[in-house]
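Asker: Sequence and predicted structure, then a few things I'm wondering about:
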Amino acid sequence: MTSDDFLTVEVAYATPEKQLILKVEVPAGTTAAEAVRLSGIEEHFPEISADGNPLGIFGRKIKAGQELKAGDRVEIYRALTADPKVVRRELAKLGKTMGKARKKD
C-alpha cells in the first residue's frame, strides 16, 4: 500500500474530567466506527464503544458506517445528563435563560 492508500483522521472523546484527541492513520475507505476501534480510544475510556455511542464529524451527527475523508475528526458523543426541555422549563420558572446572558440595551 502506498501513502495515498491511507488517511490521517482524528478520534475525539471527552468527559468533564478528561478530554482526548488521537490522530490515527487509517486505510482509505475506513468507516467512522472502524476508526474509533483502530484508534484504541476505547482503552482510555472503557465506558464507550464504537457501536454503542453516537458518532459525529465536526459537530454533525453521522452513521457509524460513514466513510471518512482525510482530516475528518470523529467525535464520540455521550448521553445527555439532563433533558434540555426540562432544564429550559425549570430556568423559565426562575426567570432565567440558557446560554450566555444577553446585553440589555
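Answerer: Noted; the coordinates are in hand.

Asker: Sheet partners, orientation included, of the host helix or strand of residue 25?
Answerer: For residue 25, the element it lies in under DSSP states H and E is strand 19-27. In the sheet, strand 19-27 lines up against strand 6-14 (antiparallel) (DSSP bridges).

Asker: Just the mean pLDDT for the partner strand, thanks.
Answerer: Averaging pLDDT along strand 6-14 yields 96.

Asker: can you list the residues that contact it?
Answerer: Strand 6-14 is contacted by residues 19-28, 30, 35-36, 39, 41, 44-45, 48, 68-76 when judged by Cβ atoms under 8 Å, 6 or more residues apart in numbering. From N, CA and C alone the C-beta is placed, and that goes for glycine too.

Asker: Next, name the residue at the spatial heart of this structure.
Answerer: residue 75 (2.2 Å; Cα atoms, centre = their mean).

Asker: buried subset of the contacts of strand 6-14?
Answerer: 22, 24, 26, 30, 35-36, 39, 41, 45, 48, 68, 72-76 (16 or more other Cβ atoms under 10 Å).

Asker: where does the chain have low pLDDT?
Answerer: 1-3, 99-105 (pLDDT under 70).

Asker: Where do the helices of it begin and end?
Answerer: 32-39, 41-44, 84-93 (DSSP state H).

Asker: What angle do strand 6-14 and the first one make with each other?
Answerer: Spelled out, it's helix 32-39. 90 degrees (axes from the mean of the first three to the mean of the last three Cα atoms, to 10 degrees).

Asker: Let the chain start at 56 from now.
Answerer: Happy to do that; since the first residue is 56 now, the last one works out to helix 87-94.

Asker: Give the other helices and strands that helix 87-94 contacts.
Answerer: strand 61-69, strand 74-82, strand 110-112, strand 128-131 (3 or more Cβ pairs under 8 Å, 6 or more residues apart in numbering; DSSP states H and E).

Asker: Count the neighbours of residue 140 for me.
Answerer: 8 (other Cβ atoms under 10 Å).

Asker: how about residue 130, what does it touch?
Answerer: Residues in contact with residue 130 (Cβ under 8 Å, 6+ apart) are 67, 68, 110, 111, 112, 113, 114.
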